[in-house]
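# Compute the structure for the input listed below.
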Amino acid sequence: GCELTASTKSYTFQVDKEDDSDHILALSVVCLTDGAKDECNVVEVVGRNHENQEIAVPVANLKLSCQPLLSLDNFKLQPPVTFRLVAGSGPVHLAGWHRIVHREDASFEEDDNLSEEEEEERELAPIMPAKK
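Okay, the predicted model is just below:
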């Protein structure tokens, strides 16, 4: 996790360029912490798109009196990524997880050797109609 404040407005998560692994950064929660004022605190994520162009996307607009916390349900990002506090003075805490997948790791590839029972367990249960 990291914390963005009036004095520390950005945090960059990056990995070693020589690392041959795939990295996934997932953002779980963005929340205001002790000392936050009742003002809009806007957090944006700066990353790169599929054409390697820099893009900035606001992911949270928090205000102490109406929305002090936002769950992002493990919003996945590809490092390097920068989190910026573009409005407000925070403090805003960001929490998530970092996963490293080694390219030779078998769990990264599709497993074609599943039994029929395992394949059925992987499939989603059908959606049932609502009862009136």
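# List the residues that contact the residue nearest to the spatial centre of the chain.
Residue closest to the mean C-alpha point of the chain, counted by CA atoms, centre = their mean, is residue 27 at 2.3 Å. For residue 27, the contact set (CB atoms under 8 Å, 6 or more residues apart in numbering) comprises 45, 59, 72, 74-75, 77, 94-96. Quick note: C-beta positions are derived from backbone N, CA and C, even for glycine.
# Just the strands from the chain, written as ranges.
2-4, 10-13, 22-32, 41-48, 54-62, 69-77, 81-87, 92-101 (DSSP state E).
# tell me the contacts of the closest residue to residue 61 other than its chain neighbours?
In space, and not counting its chain neighbours, residue 61 is closest to residue 42: 5.1 Å by CB to CB, 6 or more residues apart in numbering. The contact partners of residue 42, by CB under 8 Å, 6+ apart, come to 58, 60-62, 85-88.
# quick one: which of those is nearest to residue 34?
residue 62 (13.9 Å; CB to CB).
# For the nearest residue to that closest one once chain neighbours are set aside, give me the pLDDT.
Nearest residue to residue 62, sequence neighbours excluded (CB to CB, 6+ apart): residue 41, at 4.6 Å. pLDDT for residue 41: 97.
# Hmm, residue 41 is touching residue 85, no?
Yes. With contacts counted by CB atoms under 8 Å, residue 41 reaches residue 85, the gap being 6.6 Å.
# Residue 67: neighbour count?
By the criterion of other CB atoms under 10 Å, residue 67 has 14 neighbours.
# That one is in contact with residue 40, isn't it?
No. Using CB under 8 Å, residue 67 is not in contact with residue 40; the gap is 9.7 Å.
# how about the nearest residue to residue 30, chain neighbours excluded?
Closest to residue 30 by CB to CB, 6+ apart is residue 60, at 4.2 Å.
# Which pLDDT value does the model give that neighbour?
Predicted confidence (pLDDT) for residue 60: 96.
# Same question for residue 121.
As predicted, residue 121 sits at a pLDDT of 52.
# again, but for residue 130
Residue 130 is given a pLDDT of 57.
# Residue 25 now?
The model's pLDDT for residue 25 equals 88.
# what bridges to it?
When bridges are called by DSSP bridges, residue 25 pairs up with residue 77, residue 98.
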